[in-house]
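A.B. asks: Attaching a predicted model along with its sequence, questions to come.
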Amino acid sequence: MLQALDAAHVRRWAVACVQSLDAHREGIDRINVFPVADGDTGANLLHTARAALEALLRAPARARAEAGAALTALARGALAGARGNSGVIASQLLRGFADALAGRASIGGPELREALGAA
């Protein structure tokens, strides 16, 4: 059983997020109704998640060696590549999550719970 998330787990999580958003983008686009039904929420979230993952993969090794650092790289990439309101909101949630976990080599259950609350 997984006891803690390290940088490799963070990277795998980011890949899984991109894959899931890619698989469900059209469905998310169809349920978009606020503030106007512009039908691009799924596409915007996918673009933002891809930008976050690309930033993590391009970051220097030391900037992605620990879980907290990897999350910071993801958050910066998400903000830089955020598209639409949904992308900006997602990037800010990721930023709050990363800020709460800054400096951590790995993340256990209690830290994860606190970081999700902070986000």
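C.D. replies: Arrived safely, thanks for sending.

A.B. asks: can we go C-alpha only for contacts and neighbour counts from here?
C.D. replies: Will do.

A.B. asks: what helix or strand does the residue most central in space within the chain sit in?
C.D. replies: Geometric centre of the chain, nearest residue: Leu94, 5.3 Å, by Cα atoms, centre = their mean. According to DSSP states H and E, Leu94 maps onto helix 84-100.

A.B. asks: Can you tell me what sits against that helix?
C.D. replies: In this structure, residues lying in contact with helix 84-100 by Cα atoms under 8 Å, 6 or more residues apart in numbering are 41, 44-45, 47-48, 68-69, 71-72, 74-76, 78-79, 82, 114-116, 118-119.

A.B. asks: so how far is stretch 86-100 from its chain's centroid?
C.D. replies: 7 Å (Cα atoms, centre = their mean, to the nearest Å).

A.B. asks: now the least confident helix or strand in the chain by mean pLDDT and helix 84-100, what's the angle there?
C.D. replies: Taking mean pLDDT, DSSP states H and E as the measure, the chain has helix 109-118 as its least confident helix or strand, at a mean of 92. Helix 109-118 runs at 140 degrees relative to helix 84-100, counting by axes from the mean of the first three to the mean of the last three Cα atoms, to 10 degrees.
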